[in-house]
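K.L.:
sequence and predicted structure are below.
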Amino acid sequence: LKGLGEFAYVNRLDLCELIDFEVNTDGPSVAGEMLRDGSAGWSQPVDLPGRALVAMGGGKDSLVCLQMLRDAGVEVQPVCVGGSTLIGETVKAAGLPLIRIRRVLAPELMEMNADGAWNGHVPVTAINSAILLCASLLYGYRYVVFANESSANEATLKDEQGREINHQYSKSLAFEQAFRSVIQQRVSPDVEYFSLLRPFSETAITRRFSRLTDFHTVFSSCNRNFHQDGSRIEGRWCQNCPKCRFAALALAPFMSTQQLVAIQGADLLDQEDQLQGFKALCGLGEHKPFECVGSIAESRAAIKCLAANPDWQDKCVVKLLSAYPDVRQAGELELEPDFESEHCIPATIMAKLNAV
């Protein structure tokens, strides 16, 4: 229901009485353990090496995650699902090999679309999480690591019934905890699935990424790069989507105008026709875009910060948005991770991070 929340909202559907999957609960229990639903558990011990499969998405978050693990001395293996050239180039810049898992869409899906089936957003991170869980068992990796940050927990909007609709549900802490529970009860207690960046805000991530200059010319956060038929843009940034706008907003506090333009190819914060898009990111009259972008509070704090920066304060988007009371009253940028907040990072990994 929550993973398909956006799909239902956009297509004006109520899925509450429609989702009823058959479940096969046959199988041996573990030491006689019964699960909460009364069925036998299938979980079994598995002897896996203490190394990490790291999900790569081609953007700043997965690169920060990868570098943090390497700096902590964890053996890492980048992995991706799909044929993205961009992801391959970012991993090449890291000097590491890439496991690429290819997928093929069933032709029946195209036929159903042609016949007018409902279409829309699906929880891709949940799908990829299940795929990487299989890969961890096949290839021998104890840790399955994603780079989902704290802002993924924020709902995009609430529907007419007051239910939260979150484009990023499968990147949220709630999904992470639920999927971990399934793994522990149904697969093995020896597989650790978690997000390394859960204690981080987006700005804490971009602050770290601003120092990883080797990746600045190869990464992109623009989703126009990722389609079944390949990239649909020239270059790495379309320069006119919520992801491009939020990347500009999150990176700008840690870069000069020249540095950011060298990355994105344009100064989005000085283009007045981008104003409505930036207003949506800041929750000023519109709900957040259905995209993987930071929280409203983070966006407002970023504008407030840039308004006090001589290098950015005269940019038209910054000047116009900084006049809004909600922006003037925004909090400060969160520049450090909050490891006291709720997360699922295993103690073995935390010990390595603390040793750095």
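P.N.:
Arrived safely, thanks for sending. Please read these numbers as outputs of a predicted model, since none were measured by experiment.

K.L.:
where do the helices of the stretch 201-350 of the chain begin and end?
P.N.:
For the stretch 201-350 of the chain, the helices defined by DSSP state H, counting those that start in this stretch cover 202-209, 242-251, 257-264, 275-281, 296-307, 316-321, 325-328, 347-355.

K.L.:
now do the longest one: everything it contacts.
P.N.:
Under the contact criterion CB atoms under 8 Å, 6 or more residues apart in numbering, helix 296-307 has outside partners 151, 154, 201-203, 246, 249-250, 252-253, 269, 278, 281-283, 288, 293, 312-313, 315, 317-319, 321-322, 326-328, 330-334. All C-beta atoms are positioned from the backbone trio N, CA, C, and that covers glycine.

K.L.:
next up, the contacts around the closest residue to residue 16 other than its chain neighbours.
P.N.:
Nearest non-adjacent residue to residue 16, counting by CB to CB, 6 or more residues apart in numbering: residue 1, 6.8 Å away. Residues near residue 1 by CB under 8 Å, 6+ apart: 8, 15-16, 19.

K.L.:
please check those and keep the buried ones.
P.N.:
Among the contacts of residue 1, those buried by neighbour count (16 or more other CB atoms under 10 Å) are residue 8.

K.L.:
which single one of the contacts of residue 1 is nearest to residue 52?
P.N.:
Using CB to CB, residue 19 is the member of those that sits closest to residue 52, with 32.9 Å.

K.L.:
picking up where we left off before, can you list the helices of the stretch 201-350 of the chain in JSON lines and add mean pLDDT, distance to residue 189 and mean neighbour count?
P.N.:
What follows is the helices of the stretch 201-350 of the chain, written out as JSON lines (pLDDT from 0 to 100; distance: least, CB to CB, whole Å; neighbours: other CB atoms under 10 Å):
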{"stretch": "helix 202-209", "mean pLDDT": "96", "distance to residue 189": "30", "mean neighbour count": "24"}
{"stretch": "helix 242-251", "mean pLDDT": "96", "distance to residue 189": "37", "mean neighbour count": "25"}
{"stretch": "helix 257-264", "mean pLDDT": "95", "distance to residue 189": "42", "mean neighbour count": "16"}
{"stretch": "helix 275-281", "mean pLDDT": "96", "distance to residue 189": "40", "mean neighbour count": "19"}
{"stretch": "helix 296-307", "mean pLDDT": "97", "distance to residue 189": "35", "mean neighbour count": "23"}
{"stretch": "helix 316-321", "mean pLDDT": "97", "distance to residue 189": "48", "mean neighbour count": "20"}
{"stretch": "helix 325-328", "mean pLDDT": "96", "distance to residue 189": "46", "mean neighbour count": "14"}
{"stretch": "helix 347-355", "mean pLDDT": "91", "distance to residue 189": "14", "mean neighbour count": "13"}
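
K.L.:
rewinding a little: what does the model give the residue nearest to residue 16 for pLDDT?
P.N.:
Listed pLDDT for residue 1 reads 90.

K.L.:
with residue 84 instead?
P.N.:
Residue 84 is given a pLDDT of 89.

K.L.:
CA atoms only: put whichever strand in the chain runs longest into PDB for me.
P.N.:
Determined from DSSP state E, the single longest strand within the chain is strand 76-81. Extracted in PDB, the C-alpha atoms of strand 76-81 (Å, rounded to 0.1, in the frame of the first residue of the first chain):
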ATOM      1  CA  VAL A  76      33.500  -3.200  -0.800                       C
ATOM      2  CA  GLN A  77      32.000  -4.300  -4.100                       C
ATOM      3  CA  PRO A  78      29.900  -1.800  -6.100                       C
ATOM      4  CA  VAL A  79      26.800  -3.300  -7.700                       C
ATOM      5  CA  CYS A  80      24.000  -1.900  -9.900                       C
ATOM      6  CA  VAL A  81      20.900  -3.100 -11.500                       C
END
